[in-house]
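>>> Dropping the sequence and predicted coords here.
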Amino acid sequence: MPYTLTRAEDSVTAQTRYPLGESRRVEDDPMKQQVHRSVFTGKLEEVLHSAVNWGRKNSLWPYNFGLSCCYVEMTTAFTSPHDIARFGAEVIRASPRQADFMVIAGTCFIKMAPVIQQLYDQMLEPKWVISMGSCANSGGMYDIYSVVQGVDKFLPVDVYVPGCPPRPEAFLQGLQLLQDAIQEERRPLSWVVGDQGVYRAEMPSQRQMHRDRRIQATELRTPDSL
Amino acid sequence: MSADTLTTEPAATGAADDPVVVALRQRFGDHALLVQPTLTGMPVLWVARESFGDMLRFLRDMPEPFEMLYDLSATDERLRAHRHGLPEADFTVFYHLLSVSRNRDVMLKVALREDDLALPSVVSLYPCANWYEREAWDMFGIDFVGHPHLTRILMPPTWQGHPLRKDHGARATEFDPYTLTVAGQEVEQRALQFKPEEWGMQREREGTEFMFLNLGPNHPSAHGAFRIVLQLDGEEIVDCVPDIGYHHRGAEKMGERQSWHSYIPYTDRVDYTGGVMNNFPYILAVEKLAGIEVTERAKVIRVMLAEMFRISSHLLFLGTYLQDLGAMTPVFFTFTDRQKAYEVIEAITGFRMHPAWYRIGGTAMDLPKGWEKVAQGFLDWMPRRLREYERTMMDNAIVRERTRHVAAFTTRDALTWGVTGPNLRATGCNFDLRKQRPYGGYEQFDFEVPLGRHGDAFDRGQVRIEEMRQSLRIIQQCVDHMPAGDYKADHPLTTPPPRERMLEHIETLITHFLQVSWGPVLEPGEALSMVEATKGINSYYLTSDGNTMSYRTRIRTPSFPHLQQIPALMRGGFVPDLIAHLGSIDFVMADVDR
């Protein structure tokens, strides 16, 4: 499986652009070389990664951060009818330092971008970003002077959730996709073990995965009756 | 329900013999003002820069005065083609005054030349002019001489240019793509730093140093990207400075590039908890310009959907308001109810938050078969829940202690600060546009206007619960008496245009094609429509220059003045009171910054 390797940057100059750090595509599983050293440590590492990732993905603490309309739908996912607690992500944190992932739920404004960057920087690793809604994904409807055309202009994004705003179910699906990605991730198990970098798995595109099924639809439900 | 109804507002009578115009003429002479014919439903008067201050003072102090400066903004007139009979102007500043006692409005306009963009500030007359003048400075670069703190309000402090000028670019993609460097981040962070001296604040008093607490732009109680800097002496708020503009989506500039029809989805996102309620004033103003009279069925469908969204918005308010006070559970209850409301809304419109479902001349579709059953289910569900909320929440001793006599203001204060909607009615002022100036068919409905007495945080919550009951009453009447007929008016300017007329011959086909691709062309003119939206009075003031899109779209939203009032209320209060007050205002930042 191909991976994207990101590594924290030591030398940051004033002209460096966000997102900081090195990011490069790696074709081979980084564990392979180490796995081949010994069959026993290979298995053990696999089990350890799998267990740690399982723990991480099932206790994701979201950062209580919202920008606009999407945040209302995000909050809706936290309440009883949608019950995000089923996925272990209900422990909403008001401080970035306690949170595991940040949902950019809403429009990213030029005035707000430095604030978002500051809050992201205050979050501790491991951390992830879900971009929720068209505005955060690409600017969406708002190709206008005050709006950044997509939060990925300065933040690394893990999952994009389409919609304007996405339904709470769509947000929950995005969360599950993030969980799937976390399961495949390779992070150093300790600061002395292995390569000190984060290997993020390149997850399959949802559009390609569902394309065949989606184009099968030939008749849509009429809106004239319920 | 009666078939013949009044759709024009009471104020839409001839402007020249309006008693206010007569009084102004008597006092200032015939030549002091020029009456502009418009479709705004109020006298629009062009006055000289030298005399407009005296006129505002006269209007504010006359018997049955104009208590409220409802709106203040500007128009860049430089590219406007249809200005026959109007004074020469590069920029116009307009002052929209509202009188609750007269139930009338008047608008004063002052013409300015490009090389002399200055006029005296009116903050001393109407304190709520403060933010409006800052906005006009920010957006147009108009100088208000004597303003206490004329700085940018919506755009970042480091911004260059004035976005609503016609020579300023609109699209982000016209500029270089956004990048953020480490050095840039430092510059921006430094620009965001609060300097008390700039606001005339002391750093200490009698040897005690004040603490400056930065609340926001991201804070769980700030309901979005809102920042307020508190000057604290212990728990006491000595002074505070709200800082807005973190949610400015350029909705007004957007109106100058979207067609009349394709702007509708943008209105949904202004007060994003209000859904189609935002379509209402915009569509009404466009229909005034186009001269469209909608059918009875369209009116009732619109009212029903608008009231559904009022309930949904108030439920969101109630949940978050109580959560801000420390009650964790209510939000789970009210969001369950919101889900029920969305089931009805989604069944009818096919969308949850932003259906953009009103159309010029009617609605997007007819009601689906079986809608009555879904709507009735919601109507049967809600009353029991509302009783429960009242019993468990509003009768709760802690809630009462936290909110009663907190951030209370009088009707007079409210009008001075431009407060409208449930927050105004919580002070006991009976001013609900649905009753005072019925629009869009509201005159046919039987409902009451709930009023508070103390104007405190508790009354603001209580009034909204009561309003939900009244909205349920209105929806029940819609379900019981939905008129038969067409859901769209028979008019050539309705959008999308009637398809039956398309296939007659090549002319009709071309007309149809142009009207769908370019959109309808509206006659030059100005129209304004106000509605009683979820949070207060929301209005769209549209200027058409005879084109497929608006020349100037002014959106007056209720939350903007509501936030401006905070320092006046909170001086001397405590931090927990501020949180209770923020919860009770019911604002969303998109409704403030647009």
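Received the coordinates, thanks.

>>> who touches the spatially most central residue of chain A in this structure?
In chain A, the centroid-proximal residue (C-alpha atoms, centre = their mean) is residue A:158; its distance is 3.0 Å. The neighbourhood of residue A:158, defined by C-beta atoms under 8 Å, 6 or more residues apart in numbering or on different chains, consists of A:101, A:128, A:129, A:130, A:178, A:181, A:200. No exception for glycine: its C-beta is placed from N, CA and C like everyone else's.

>>> With distance to residue B:377 added, can I get those residues in a markdown table?
As requested, those are exported to a markdown table (distance: C-beta to C-beta, whole Å):
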| residue | distance to residue B:377 |
| --- | --- |
| A:101 | 37 |
| A:128 | 40 |
| A:129 | 39 |
| A:130 | 34 |
| A:178 | 36 |
| A:181 | 40 |
| A:200 | 46 |
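
>>> Adding pLDDT and neighbour count, write the residues you listed out as CSV.
Formatted as CSV, these follow (pLDDT from 0 to 100; neighbours: other C-beta atoms under 10 Å in any protein chain shown):
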residue, pLDDT, neighbour count
A:101, 92, 21
A:128, 93, 25
A:129, 93, 24
A:130, 93, 23
A:178, 93, 24
A:181, 92, 18
A:200, 86, 21
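
>>> tell me the secondary structure for residue B:317?
Classification of residue B:317 using DSSP: H, G, I helix; E, B strand; the rest coil returns helix.

>>> isn't it right up against residue B:586?
Yes - using C-beta atoms under 8 Å, residue B:317 and residue B:586 qualify as a contacting pair, with a distance of 4.4 Å.

>>> and residue 165, what is it in contact with?
Defaulting to chain A. A:69, A:70, A:72, A:73, A:132, A:133, B:352, B:353, B:354.

>>> Switch to chain B, please.
B:76, B:139, B:140, B:141.

>>> mind redoing it with 7 Å?
Applying C-beta atoms under 7 Å, 6 or more residues apart in numbering or on different chains, we find residue B:165 in contact with B:76, B:140, B:141.

>>> Just the buried subset of these, written out for PyMOL, thanks.
The buried residues among the contacts of residue B:165 can be selected in PyMOL (16 or more other C-beta atoms under 10 Å in any protein chain shown) with this line:
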select buried, chain B and resi 76+140+141
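
>>> now, which of the contacts of residue B:165 lie within strands?
residue B:76 (DSSP state E).

>>> quick one on the thing from earlier: filter the contacts of residue A:165 down to the ones in strands?
residue A:132.

>>> between the contacts of residue A:165, which is closest to residue A:89?
Closest approach to residue A:89 among the contacts of residue A:165 (C-beta to C-beta): residue A:132, at 13.3 Å.

>>> Hmm, residue A:101 and the closest one touching each other?
No - assessed by C-beta atoms under 7 Å, residue A:132 is found out of contact with residue A:101, at 11.2 Å.

>>> Any residue of stretch A:101-110 touching chain B?
Yes - Stretch A:101-110 lies within reach of chain B by C-beta under 7 Å from any C-beta of the partner chain, at A:107, A:109, A:110.
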